[in-house]
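J.: Predicted structure and sequence below. I'll ask about it afterward.
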Number of protein chains: 6
Amino acid sequence: MPIVVTNIDRGAKQYAREFAGFGVATTHEAQGRLGLLDRRLRPIYRPVAIAGPAVTCEVAPGDNWMIHVAVEQCQPGDVLIVTPTSSCADGYFGDLLATSLKARGVQGLVIDAGVRDIATLTEMQFPVWSSAVCAQGTVKETIGNVNTSIVCAGQRIDPGDLIVADDDGVVAVRRDTAATVLENARARVANEEEKRKRFEDGELGLDIYDMRDRLAAKGLRYVDSGSDD
Amino acid sequence: MPIVVTNIDRGAKQYAREFAGFGVATTHEAQGRLGLLDRRLRPIYRPVAIAGPAVTCEVAPGDNWMIHVAVEQCQPGDVLIVTPTSSCADGYFGDLLATSLKARGVQGLVIDAGVRDIATLTEMQFPVWSSAVCAQGTVKETIGNVNTSIVCAGQRIDPGDLIVADDDGVVAVRRDTAATVLENARARVANEEEKRKRFEDGELGLDIYDMRDRLAAKGLRYVDSGSDD
Amino acid sequence: MPIVVTNIDRGAKQYAREFAGFGVATTHEAQGRLGLLDRRLRPIYRPVAIAGPAVTCEVAPGDNWMIHVAVEQCQPGDVLIVTPTSSCADGYFGDLLATSLKARGVQGLVIDAGVRDIATLTEMQFPVWSSAVCAQGTVKETIGNVNTSIVCAGQRIDPGDLIVADDDGVVAVRRDTAATVLENARARVANEEEKRKRFEDGELGLDIYDMRDRLAAKGLRYVDSGSDD
Amino acid sequence: MPIVVTNIDRGAKQYAREFAGFGVATTHEAQGRLGLLDRRLRPIYRPVAIAGPAVTCEVAPGDNWMIHVAVEQCQPGDVLIVTPTSSCADGYFGDLLATSLKARGVQGLVIDAGVRDIATLTEMQFPVWSSAVCAQGTVKETIGNVNTSIVCAGQRIDPGDLIVADDDGVVAVRRDTAATVLENARARVANEEEKRKRFEDGELGLDIYDMRDRLAAKGLRYVDSGSDD
Amino acid sequence: MPIVVTNIDRGAKQYAREFAGFGVATTHEAQGRLGLLDRRLRPIYRPVAIAGPAVTCEVAPGDNWMIHVAVEQCQPGDVLIVTPTSSCADGYFGDLLATSLKARGVQGLVIDAGVRDIATLTEMQFPVWSSAVCAQGTVKETIGNVNTSIVCAGQRIDPGDLIVADDDGVVAVRRDTAATVLENARARVANEEEKRKRFEDGELGLDIYDMRDRLAAKGLRYVDSGSDD
Amino acid sequence: MPIVVTNIDRGAKQYAREFAGFGVATTHEAQGRLGLLDRRLRPIYRPVAIAGPAVTCEVAPGDNWMIHVAVEQCQPGDVLIVTPTSSCADGYFGDLLATSLKARGVQGLVIDAGVRDIATLTEMQFPVWSSAVCAQGTVKETIGNVNTSIVCAGQRIDPGDLIVADDDGVVAVRRDTAATVLENARARVANEEEKRKRFEDGELGLDIYDMRDRLAAKGLRYVDSGSDD
């Protein structure tokens, strides 16, 4: 039988703000290219960037009942992440649920299904990443799990894992590795800053990364367009 | 042989402005979740919201000739709705046709095919919902019906039916039920306003909708994350 | 073995600015509806319009090494066009490569694959047309050709061909026909200007293009909705 | 409220067997290229060809309850045609329902959704055209209409319309035009027989259809590959 | 760093043969509609039905190196299940790897990517479920995990979980619940056998499942087509 | 203006039979992983394998006129390859055209669009690779090129290039490299035969290809499932 797990571990929340600043691509690289949710999840408006602990929610196809249950489990700073138990594009979420989540201080919604009222959601600046926009409503008949381990858009998410989402998509950082991944991200960003300046000055990646010898070793040849080669 | 039906019944036009204010999701709910066009129809810019009586138009794949015929049948406040007789993503519609429709006071275009010149259409603020953006032009060889009953993006549309379109998509309201649907929509919106205030105040859907007993009856259990359950 | 061709012919560059003004739909029509890349290529922000000589680049799936090689071959005004040797949606391109291209005066990127860092790219106003947005990074293991003849999104592109890209998509103009196509485009635009004014004045396409007789000859009939026909 | 219409008109049933022999492509042509359902409907095994009067059925997403209601309305020779009220790929239909339909003499099922147990259905030789194969089951909570006018895979179908289905897909013939369409189909087939013999003898379509002059008039030129043209 | 886990628990193997007989739809129902992999996984030939303990394998996009590593971990009766770390349709697997797996007694392959040599695989009767058929080969550059917990086609799979696959698709049964699920499956099948006989005798689901009262209570009405209702 | 090029060079025809025996995957590898057409091209029946010189044909969307023109250019052993100038799934080709091609000794059709009459085509054993099956017919209004250089399903094809097609898809071999590619293919097949025997005898790819040291160097570790690692 479905359960709702209360009082999940939000220990990784302390790192959320910094991850939001780094964004999805950097975070994904910093944890060894793991945890990226399928690119079918797109933000309903841009630009946008958030990060926070996951409250997970499973819903039946065409049935959004458990989202109401999940709302109660959300705390300020959380990100609600919803996955249907079988593929569905119906509009599970609209402006009333967004109002409720916003009142609780939730940062945003990630859902591998459809949403509606996106004009109002945009006006409210309540960020949503979804795999569809669809006005088709849902029923309230079937119960499911809240705050159990789920798979959403191809990635396993445990409650309390950090969800980082921006214009590029959504990545999950496992709760127990968040501190290490953050260290990597910081180092990566520092390194990129230095690189960016060199690129701005017109230096080439070929030289910055010392690629020329390795390219030649692989056999790459340069040929003038006017030659008979 | 194809026909053009003139002088269609625009009796439902009187309700259009109010439906535009309510939007697609509310309208769709208010008529019992009927009439929603497939979500592949997306607006070329946002936000946008219109409603008006349908002028219907059938076109051959890759052939936009009948749109010119349909323009003449349009009156101020109408929405032109175009369906190809076999699936096609070519760019049937661009800025010249939009200029013509705008000059006649048409509110917008819904087309289950491609459009082009979307930068200009956006600048003109002429709203279009389409299933594709594509610069590929069309020919003018084949005639078809205007203002007959059509199927567009999975829904039957009769001329004079109300078309309501916004950021969420497109819904059709049958001409003869428009007054009733509008009543339902008004009631729904009034009810939602009251709910919205309660959500803003932090009340939960679980309580507003009295869901707790029914959830328990279905067997939903709450488990503390620290428990051994 | 892969080659990099240097000193490609940029003779068509002189026409680029004017093509950018005309845009993709007009250019495509002006060269007889040839050269349109598949509509899966979409700009990451709008509105946007560019044109310039193509620097072509082939990349292996999930491997962006050759983009670094291609950057060195780019000159001010160029458009970099990248095609994977097998279908791939990974994020080949981000803000560092964009910084490098911008430093060299490159106008934009067209890539039949994924890109990332689109918030930064938008902020930088570095235009990109891609078939996906995806934070998944790539490796640097495999070499490929730069400035050879390629197929990108269904069209053959030779280095130095003009790439015209805007909100409607991307079209390629063959280097040796660019002057002629430009003539056609100018004539087309002049003609459209005159037409636009007539449309604005409420004249119908049926009359502007003298369609009524031809429609009748095809058998189109007009029927009043109140008739028994 | 949903209704079940009983005792529908099956007057067109008399033409079914002959339509099944002619097949979908011929039937579609014979009625002026109208009535073809979207090509996403594919048979679960091949070869197969049926025709019969439609019993129509609307189902909620993920809910197959009304199929049980529709079975009772089916008579020998009928084709059951099912459409979900919003897009869904779940497996609505399996071997038990097929056993029930077969026991009633139903010829086959057309469904714009998923089916399962396709190994058994194939073994039973109970033909099904569906838009998906999926083992995900459905619930029985929501009622809907049986034998009302529906839209399925882009076509309007009234109860009693003839459904013709084979390896190429599915086409609907409106009840009241079935006799005329059959006449056209017979003429078409007779004409094709004669053509087929000429093609078998090596005669070209260019000559059989007298195309050469018209092609030349359009400007088609023949050029020897060895020429300098 | 990636690891290969050896000597995984194959305790559920004893149930495999019986699950293969029951098939995917029954197994999926018997475990409460959990564990179904996305329907994009299709068998390369039909009919086919297998079940066995999972050996899991992660591969980089366009890189099949780890499949060779996984082969060594396979034992007679196993099912190899492969997931790319980012979406890829390349042909990771062909007749040589199939020969190797067959020599080790492996029952089949499930892969959320492409395969090739399907004519030979069919001839060998080595069953494969894949999300694509594609002749494009892969490289051998990147290492990854074998026999760790993975997500494949939307489902979490642990090594030793039972994989059941047939014409309907693929479902995973968690190792530690396999005995219970099998009990449910047996009961379900026994129940279905009895139902099938009643359906064969022409009894209706409406009566077998006692649905008539509940339908009436929901408001379903029967209307004769000739009535004025 | 469109042209038909006659008397194309069929010098590579001598290699066709041997390529057909080797198949698509081997041929693709043998020419350095070049020339593979998009995997959306699928055979209408299996197993099947052909090879022959290309006769190329461009068609307008929804218009199959030029196929009739192309038939006359076909000779025994040729493969007809057809590409629409903008994406289209209509049924361009059916049993009459197949009869005509078969009468001329043509080996098969490759078309990046739809076909129909596939039951008859299968019965005739006339092989077709297409991107769709669709009963929707086409018109005969627009002329196009025959035997010019085209792009089909993402690959450039010149007339006389060898088309190799089987259950895995379609690959093109450029006319002037066919002899070299065939040499590579022979060597590859001989090498694979030897490997296949070793795989059949239970030898592992890890050993046959000497992979163990390289895997260890990359950092791959083996861990027993029972360990605490």
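T.: That came in fine, so what should we check first? Numbers count the residues shown, from 1 in each chain, chains lettered A, B, ... in the order given.

J.: tell me the secondary structure for A:I163?
T.: Following DSSP: H, G, I helix; E, B strand; the rest coil, we place A:I163 in the strand state.

J.: ok, A:A49 to chain B distance?
T.: Distance from A:A49 to chain B, counting by Cβ to the nearest Cβ, to the nearest Å: 20 Å. For every residue, glycine as well, the C-beta is placed using N, CA and C.

J.: Kindly report the same for A:S100.
T.: 4 Å.

J.: three-state assignment of that residue?
T.: helix.

J.: ok, now which ones touch the residue nearest to it when sequence neighbours are not counted?
T.: Among residues not flanking A:S100 along the chain, B:F199 sits closest, at 4.3 Å (Cβ to Cβ, 6 or more residues apart in numbering or on different chains). Residues near B:F199 by Cβ atoms under 8 Å, 6 or more residues apart in numbering or on different chains: A:L96, A:T99, A:S100, A:A103, B:G205, B:I208.

J.: Return the set of buried residues in stretch A:177-191.
T.: For stretch A:177-191, the neighbour count (16 or more other Cβ atoms under 10 Å in any protein chain shown) marks A:T177, A:A178, A:V181, A:L182, A:N184, A:A185, A:R188 as buried.

J.: how many other residues sit next to A:V115?
T.: A:V115 sits with 28 neighbouring residues when counted by other Cβ atoms under 10 Å in any protein chain shown.

J.: For chain A, just list every one of the helices.
T.: A:16-22, A:24-30, A:65-73, A:95-103, A:118-124, A:178-200, A:205-208, A:212-218 (DSSP state H).

J.: most packed of the ones you listed?
T.: Comparing the helices of chain A by mean neighbour count (mean count of other Cβ atoms under 10 Å in any protein chain shown), helix A:24-30 ranks first with a mean of 26.

J.: what residues does that helix touch?
T.: A:19, A:22, A:34-36, A:164-166, A:168-171, A:173, A:181-182, A:184-185, A:188-189, A:192, C:91, C:94, C:116-117, C:135-137.

J.: per-residue confidence for the nearest residue to A:F126 once chain neighbours are set aside?
T.: Once flanking residues are discounted, A:F126 sits nearest to A:A98: 4.4 Å by Cβ to Cβ, 6+ apart. Listed pLDDT for A:A98 reads 98.

J.: A:A98: what's it in contact with?
T.: A:L109, A:D117, A:T120, A:L121, A:M124, A:F126, A:V128.

J.: re the thing from before, nearest to C:Q155, of the buried residues of stretch A:177-191?
T.: A:R188 (36.9 Å; Cβ to Cβ).

J.: State the mean pLDDT of stretch A:39-46.
T.: In this model, stretch A:39-46 has a mean pLDDT of 98.

J.: Only alpha carbons, please: show that stretch as CSV.
T.: Provided in CSV are the C-alpha atoms of stretch A:39-46 (Å, rounded to 0.1, in the frame of the first residue of the first chain):
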residue,chain,number,x,y,z
ARG,A,39,15.8,16.8,-21.8
ARG,A,40,12.0,16.5,-22.5
LEU,A,41,11.7,18.5,-19.2
ARG,A,42,11.6,22.1,-20.2
PRO,A,43,10.9,25.3,-18.2
ILE,A,44,7.7,27.1,-18.9
TYR,A,45,9.5,30.5,-18.8
ARG,A,46,13.1,31.7,-19.0
